[in-house]
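Novice: After the sequence you'll find the predicted model.
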Amino acid sequence: APELKSPYAKYPLSAQTGRSMWVNPDGGRTAKGEPCFIAGQGKDQPMKEHYVYGAGSLGYGYYHLLTRDSHKIMYVRLQS
């Protein structure tokens, strides 16, 4: 999966990163000001750096790799 090239793809919750909670995709932003969710249209969209596209808690869209939704989408994708 090309998304795994992002530095955010490593497990984002750890003492080393200083992150202790997932970022909320509903209106949330990362510490760098990136939106945590960008609405999409349909099932297939081009890749966007630091995001995973798929169906999550807010429907189809791009979920930042710091959200729980992005990891759930990637897990399902890698299992198939």
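Specialist: It's in.
Novice: any idea how far residue 28 is from the nearest residue to residue 61 once chain neighbours are set aside?
Specialist: Nearest residue to residue 61 in three dimensions, chain neighbours excluded: residue 40, at 4.1 Å (Cβ to Cβ, 6 or more residues apart in numbering). Heads up, the C-betas are built off the backbone N, CA and C, glycines and all. For residue 40, the distance to residue 28 equals 17 Å [Cβ to Cβ, to the nearest Å].
Novice: One more: residue 4?
Specialist: Residue 4 sits 22 Å away from residue 28, going by Cβ to Cβ.
Novice: and the two? which has more neighbours close in?
Specialist: residue 28 (15 against 12; other Cβ atoms under 10 Å).
Novice: And the worst-scoring helix or strand of the chain on mean pLDDT, what's buried?
Specialist: Least confident element among the helices and strands of the chain, by mean pLDDT, DSSP states H and E: helix 68-79 (a mean of 91). Using 16 or more other Cβ atoms under 10 Å as the test for burial, helix 68-79 gives 68-74.
Novice: for stretch 47-57, same thing?
Specialist: 50-54, 56.
Novice: which one among the residues you listed gets closest to residue 36?
Specialist: Nearest to residue 36 out of the buried residues of stretch 47-57 is residue 51 (Cβ to Cβ; 9.3 Å).
Novice: Right, I'll leave it there.
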